[in-house]
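>>> Got a sequence here, can you build the structure:
(one chain, ligands or ions: 1)
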Amino acid sequence: MDAAGLDTEGRDFASAREMWKEELGSEDCGGESNDACRAKRRDWYQKGIAYWQGVEASMDGVLGGYGHVNDTDVKGSEAFLKPLLLERFGTGSRRLAALDCGSGIGRVTKNLLLRHFNEVDLVEPVSHFLEAAREKLAPEDQKFSEHRAVNFYCVPLQEFMPQVGRYDVIWVQWCIGQLPDDDFLSFFKQAKVGLKPNGFFVVKENTARTGFVLDKEDNSITRSDSYFKELFKQCGLFLYRTKDQKGFPEELFPVKMYALVTDKPKSTNSGKGKSRRYKPGVIKS
Ligand SMILES: C[S@@+](CC[C@H](N)C(=O)[O-])C[C@H]1O[C@@H](n2cnc3c(N)ncnc32)[C@H](O)[C@@H]1O
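As a prediction, this is how the structure comes out:
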């Protein structure tokens with residue numbers, strides 16, 4: 001987090017601390033102690049939401065014109081998720097529940113989560129995305145289906161409080177970059193209470209080669225692998241497994257998947273990735 005970074009308008013920052021200070025106010029704003037800091041944080045989130053409100057509720061919309069990567073993305077996620085489900089929950093008849101964070105139009109829920117979980121809840125702050133998800137995923141005739149989307153929460157992650165002990169997996173894909181570091185930490189600390197015993201998080205996100213890249217268009221930050229790992233540590237989360245997504249177009253940011261648990265694993269296979277060439281990403285967050 002001490003590494004230097006840049007924004008999409010070509011500005012360099014000596015550290016993330018310097019960038020956050022500028023975006024969110026002075027360091028003694030901790031705990032939002034004054035109106036100026038509160039206003040800056042409100043502006044940060046409003047710009048992000050305004051960006052997504054102007055985006056069409058479609059696969060191409062939520063994937064920044066890269067709707068065609070959906071199949072590769074889902075295959076990569078499935079190959080990561082399936083062995084984890086077996087290891088953590090066995091082959092028993094446990095009914096599984098997942099939470100899809102920053103779900104957009106429900107792409108991940110529809111193509112991945114509903115195949116493995118009996119119940120999936122979605123949390124997404126942009127109402128026209130969530131309505132599109134609801135229309136597609138919760139038709140009347142699915143009410144008694146064995147695999148169904150149940151709750152649709154129209155709330156941003158920084159304000160979301162999960163039901164205690166409801167989820168086996170909390171899936172966070174291409175959305176956590178909307179949250180500044182302090183809200184990132186609060187979100188995961190709170191969301192932990194939503195996990196069942198043996199439950200885990202999956203974070204699937206773009207990664208910067210070093211430091212960070214601040215996107216000035218939608219107010220999101222792409223963090224490096226070491227930046228993510230430092231934040232996970234501060235959240236009290238342990239890295240259980242990590243894997244690089246393969247097969248995406250070269251011009252996109254490298255994408256990594258992280259499985260995170262709340263108790264120290266006995267042995268970890270952190271699957272150290274190769275260092276990757278930095279390319280500016282197109283899929284936001
Ligand atoms: C790149 S899209 C990804 C959508 C979905 N996760 C997927 O992979 O298809 C980013 C999503 O993050 C949502 N988002 C923006 N700000 C957010 C916030 N503060 N909390 C949660 N989600 C947010 C956007 O509305 C959008 O649906």
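>>> Tell me the residues of the stretch 101-250 of the chain that contact the ligand?
Contact residues (CB under 6 Å from any ligand atom) of the stretch 101-250 of the chain with the ligand: 102-104, 107-108, 124-126, 129, 156-158, 173-175, 178. For every residue, glycine as well, the C-beta is placed using N, CA and C.
>>> ok, those vs residue 44, which is closest?
residue 178 (8.8 Å; CB to CB).
>>> who's in contact with that closest one?
The neighbours of residue 178, taking CB atoms under 8 Å, 6 or more residues apart in numbering as the test, are 45, 48, 102, 156-157, 218-220, 285.
>>> same thing but 10 Å
44-45, 47-49, 51-52, 102, 125, 156-158, 184, 215, 218-221, 284-285 (CB atoms under 10 Å, 6 or more residues apart in numbering).
>>> same question, residue 3
13-16, 208, 210-212, 223-224, 226-227, 230.
>>> let's see 7 Å
Counting by CB atoms under 7 Å, 6 or more residues apart in numbering, residue 3 makes contact with 15, 210-211, 224.
>>> go on, residue 190?
If you count contacts by CB under 7 Å, 6+ apart, then residue 190 has residue 161 around it.
>>> The one 4 residues further on too?
Residue 194 is in contact with 99, 162-164, 166-167, 170, counting by CB under 7 Å, 6+ apart.
>>> Weed out the non-buried ones from the residues you listed.
Using 16 or more other CB atoms under 10 Å as the burial test, those include 99, 162, 166-167, 170 as buried.
>>> And the furthest pair within these?
Going by CB to CB, the pair spanning those furthest: 166 and 170, at 9.6 Å.
>>> got the residue ranges for the strands in the stretch 51-200 of the chain?
97-101, 119-123, 148-153, 167-173, 195-206 (DSSP state E, counting those that start in this stretch).
>>> So in that sheet, which strands flank the first one, and in what orientation?
Using DSSP bridges, the strands paired with strand 97-101 in its sheet are strand 119-123 (parallel), strand 167-173 (parallel).
>>> Same list, those strands, but as CSV with mean pLDDT please.
Formatted as CSV, those follow (pLDDT from 0 to 100):
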stretch, mean pLDDT
strand 119-123, 98
strand 167-173, 98
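>>> Same list, those strands, but as TSV with distance to residue 135 please.
What follows is the strands paired with strand 97-101, written out as TSV (distance: least, CB to CB, whole Å):
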stretch	distance to residue 135
strand 119-123	12
strand 167-173	21
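>>> How much space separates residue 252 from residue 231?
22 Å (CB to CB, to the nearest Å).
>>> Next, find the distance separating residue 118 from the ligand.
Distance, residue 118 to the ligand, by CB to the nearest ligand atom, to the nearest Å: 21 Å.
>>> That residue: neighbouring residues, count only.
16 (other CB atoms under 10 Å).
>>> now swap in residue 229 and tell me
Using other CB under 10 Å as the criterion, residue 229 is surrounded by 16 other residues.
>>> nearest residue to it other than its sequence neighbours?
Leaving aside its chain neighbours, residue 229 sits nearest to residue 239 (6.8 Å; criterion: CB to CB, 6 or more residues apart in numbering).
>>> Give me the contacts around stretch 69-79.
For stretch 69-79, the external contacting residues (CB under 7 Å, 6+ apart) are 59, 63, 107, 111-112, 204, 245-248, 257.
>>> out of the residues you listed, who's nearest residue 142?
The closest of these, once distances to residue 142 are taken by CB to CB, is residue 111, at 15.7 Å.
>>> so how far is residue 47 from that closest one?
Distance from residue 111 to residue 47, by CB to CB: 29 Å.
>>> what does residue 131 give?
Residue 131 is 22 Å from residue 47, where distance means CB to CB.
>>> Residue 170 against residue 193, yeah?
No - judged on CB atoms under 7 Å, residue 170 makes no contact with residue 193 at a distance of 10.8 Å.
>>> Where do the helices of the stretch 1-150 of the chain begin and end?
Applying DSSP state H, counting those that start in this stretch to the stretch 1-150 of the chain gives helices spanning 16-24, 35-53, 59-62, 70-89, 107-108, 114-116, 127-137.
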